[in-house]
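Chemist: what follows is a predicted protein model with its sequence.
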Amino acid sequence: MPSIILSTLNARYIHCSLGLRYLYANLGENQSQAQIREFVIDKRPIDIAEQLLSDSPTIIALGIYIWNIEQTTELVRIIKQVSPATIIVLGGPEVSYENLLLPICTAADYALSGQADLQFAELCQQILHGEKPVGKFINCPPPALDALQLPYTYYTDEDIANRVIYVEASRGCPFKCEFCLSALDKTAVAFDQPSFLNELNTLYQRGARQFKFVDRTFNLKVQASINILEFFLNKLQDDLFVHFELIPDHLPDKLKDVIKKFPAAALQFEIGIQSFNTKVQQLISRKQNNEKSAQNIAWLREQTQAHLHTDLIVGLPGEDINSIGESFNRLVSLKPHEIQVGVLKRLKGTPILRHTQDFEMRYNPTPPYNILSTSLIDFPTMQRLSRFSRYWDMIGNSGRFSHILPIILADQTFDNFLKLSDWLFSHTGQTHRIALPRLFELLFTCLTEHFDLPEEKITELLCMDHEKTGLKGHPSFLPTLTIQSRPSQQKKKNFVPQRQARHLGH
């Protein structure tokens with residue numbers, strides 16, 4: 001029976017925690033007494049508690065993130081109610097900052113702040129030997145990377161067969177964007193590349209084909225990036241898929257030359273633009289060459305087969321709805337495959353807090369701590385923008401509406417889609433669980449009645465999109481139309497950018 005259980009609640013089954021595997025890899029002599037047990041957030045906390053306590057462990061360690069803190073708080077309270085002697089150790093970004101009064105920290109025994117790869121092992125050693133550590137809150141400075149045991153051996157065969165494999169070639173970030181926890185990093189530090197590539201090769205030989213790099217700045221060191229890309233080029237197979245986060249304004253020619261060699265569906269780049277407003281960028285300490293970024297996105301779209309997932313943030317200090325619209329329009333014109341319109345979240349510890357008074361930043365007091373209003377965007381308008389984001393995912397990012405979307409956007413891209421978003425909410429009262437057949441009907445009604453567009457053209461384009469989805473038959477408003485059968489397009493593999501944290505402490 002294990003003395004130590006390492007656990008977390010993942011957002012979905014397809015995700016698996018790299019952080020837990022780092023902790024397990026570095027447990028030293030206590031590793032034989034430890035087990036990793038992962039769950040998903042839709043499982044009842046009381047049932048998770050039963051499973052975790054079934055072997056009467058001495059220590060239960062839990063990774064706490066923005067997506068699971070509420071469920072894990074309930075879990076910790078249940079465990080402590082029925083088994084108060086069980087030692088609960090917390091780690092992760094949600095308990096690393098502003099943690100003194102957090103209910104989950106109050107209920108638990110210890111909270112590790114920062115990168116806990118090595119300190120967790122020391123804490124377990126003390127507890128298992130009957131020693132009482134000093135203090136509940138333990139600060140963990142970044143370890144020397146060459147002192148760490150790498151975790152990749154501890155991905156199971158089931159993980160490799162069914163889940164996304166998270167890897168990191170480096171830790172940290174040299175940039176100081178104030179909405180991001182990486183603003184607290186001093187710099188980026190790389191793992192020994194030969195050792196890292198050897199681990200990648202072992203994963204590949206075991207059958208891993210989907211790799212998500214959690215590095216904040218994959219292309220910071222160009223030669224290191226080229227070495228990793230060439231590693232995958234030498235192992236190309238139809239099912240290989242690799243995800244990187246790319247600095248948008250740093251794409252030298254020798255890196256471009258390698259990217260061009262990848263076939264369709266093999267590469268995905270996550271590219272954070274956040275805003276094209278230079279004044280807003282200065283406010284949040286973001287250094288970005290907008291012209292170079294735009295040129296690079298256009299080049300990637302036109303000259304490569306990489307899938308481009310781009311990001312904008314709604315609610316940054318100093319930005320109004322017109323500025324957001326201008327950034328959205330500019331990004332749409334560059335034709336990335338996806339634009340995630342995210343709403344600003346006040347992550348604990350981030351420097352964005354310094355703008356709270358000057359820009360009247362009001363945040364949701366509960367997770368995910370999303371911005372509710374600012375001095376330039378009132379609460380009703382922020383709600384409209386949040387709905388815009390959700391409907392854009394359904395329609396713009398889904399890939400299901402490629403024929404009708406250009407008609408919707410036309411020459412007033414942001415304004416038109418906001419108009420559509422307002423209409424959809426006024427007629428449904430919901431932003432989730434809209435069945436696909438109903439969404440087609442809603443679009444038909446909105447575009448022909450509210451937008452006053454030609455019914456024949458809208459019918460033709462919606463039918464083309466409907467056929468592509470694989471839905472059987474025609475929507476109910478198209479009883480007589482028949483269209484020529486077209487081969488369905490292969491859907492690109494891609495990830496919803498979840499920043500599954502790389503270890504329990506950060």
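Modeler: Received, thanks. All values reported here derive from a predicted model rather than from experimental measurement. Numbers count the residues shown, from 1 in each chain.
Chemist: helix/strand/coil for Phe211?
Modeler: Under DSSP: H, G, I helix; E, B strand; the rest coil, the three-state class of Phe211 is strand.
Chemist: what's the closest non-adjacent residue to it?
Modeler: Distances taken as CB to CB, 6 or more residues apart in numbering place Val242 nearest to Phe211, at 4.9 Å, with adjacent residues excluded. All C-beta spots, glycine's among them, are computed from the backbone N, C-alpha and C.
Chemist: so that neighbour bridges to which residues?
Modeler: Per DSSP bridges, residues listed as beta-bridge partners of Val242: Phe211, Leu267.
Chemist: which pLDDT value belongs to it?
Modeler: Val242 carries a pLDDT value of 97.
Chemist: got a list of what it touches?
Modeler: With contact taken as CB atoms under 8 Å, 6 or more residues apart in numbering, Val242 is in contact with 210-213, 232, 266-268.
Chemist: got it, and Ala85?
Modeler: Applying CB under 8 Å, 6+ apart to Ala85 gives no contacts.
Chemist: repeat that for the one 3 residues further on.
Modeler: Contacts were defined as CB under 8 Å, 6+ apart; by that measure Ile88 touches 60, 62, 76, 79-80, 107-110.
Chemist: make JSON lines out of those residues and add distance to Gln357.
Modeler: Shown next, in JSON lines, are these (distance: CB to CB, whole Å):
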{"residue": "Ile60", "distance to Gln357": "40"}
{"residue": "Leu62", "distance to Gln357": "34"}
{"residue": "Val76", "distance to Gln357": "34"}
{"residue": "Ile79", "distance to Gln357": "39"}
{"residue": "Lys80", "distance to Gln357": "38"}
{"residue": "Ala107", "distance to Gln357": "32"}
{"residue": "Ala108", "distance to Gln357": "32"}
{"residue": "Asp109", "distance to Gln357": "36"}
{"residue": "Tyr110", "distance to Gln357": "34"}
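Chemist: need the max-distance pair from those residues.
Modeler: Ile79 and Tyr110 (13.9 Å; CB to CB).
Chemist: go ahead and confirm Lys176 touches Ser285.
Modeler: Yes - using CB atoms under 8 Å, Lys176 makes contact with Ser285 at a distance of 4.4 Å.
Chemist: residues that sit against both of these two, list them.
Modeler: Common neighbours of Lys176 and Ser285 (CB under 8 Å, 6+ apart) are 183, 351.
Chemist: out of the contacts of Val242, which comes closest to Ser17?
Modeler: Lys212 (12.5 Å).
Chemist: count the residues that sit near the closest residue to the closest one other than its chain neighbours.
Modeler: Distances taken as CB to CB, 6+ apart place His243 nearest to Lys212, at 4.4 Å, with adjacent residues excluded. If you count neighbours by other CB atoms under 10 Å, His243 ends up with 23.
Chemist: can you check Ala61 too?
Modeler: 28.
Chemist: need the contact list for it.
Modeler: Counting by CB under 8 Å, 6+ apart, Ala61 makes contact with 4-7, 23, 89-91, 120, 504.
Chemist: would you list those in TSV and tack on secondary structure and neighbour count?
Modeler: Converted to TSV, the contacts of Ala61 look like this (DSSP: H, G, I helix; E, B strand; the rest coil; neighbours: other CB atoms under 10 Å):
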residue	secondary structure	neighbour count
Ile4	strand	26
Ile5	strand	23
Leu6	strand	27
Ser7	strand	21
Leu23	helix	31
Val89	strand	24
Leu90	strand	31
Gly91	strand	34
Phe120	helix	28
Leu504	coil	33
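Chemist: list the buried residues for stretch 418-433?
Modeler: Neighbour counts over stretch 418-433 (16 or more other CB atoms under 10 Å) mark 418, 420-421, 423-425, 431 as buried.
Chemist: one more: stretch 95-103?
Modeler: 95-96, 99, 102.
Chemist: so how far is it off the chain centroid?
Modeler: Distance of stretch 95-103 from its chain centroid, counting by CA atoms, centre = their mean, to the nearest Å, is 23 Å.
Chemist: show residues contacting it.
Modeler: In contact with stretch 95-103 (CB under 8 Å, 6+ apart) are residues 64, 73, 94, 104-105, 111-114, 137, 348-349, 505-506.
Chemist: and the next helix or strand past the helix or strand encompassing Ile324?
Modeler: Under the criterion of DSSP states H and E, Ile324 resides in helix 321-333. Next along the chain after helix 321-333, taking DSSP H and E as the criterion, comes strand 338-343.
Chemist: contact partners for Glu199?
Modeler: Contacts for Glu199 (CB under 8 Å, 6+ apart) come out as 150, 152, 167.
Chemist: dump those into CSV; add pLDDT, secondary structure and distance to Lys132 as well.
Modeler: Shown next, in CSV, are these (pLDDT from 0 to 100; DSSP: H, G, I helix; E, B strand; the rest coil; distance: CB to CB, whole Å):
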residue, pLDDT, secondary structure, distance to Lys132
Leu150, 98, coil, 32
Tyr152, 98, helix, 34
Val167, 98, strand, 37
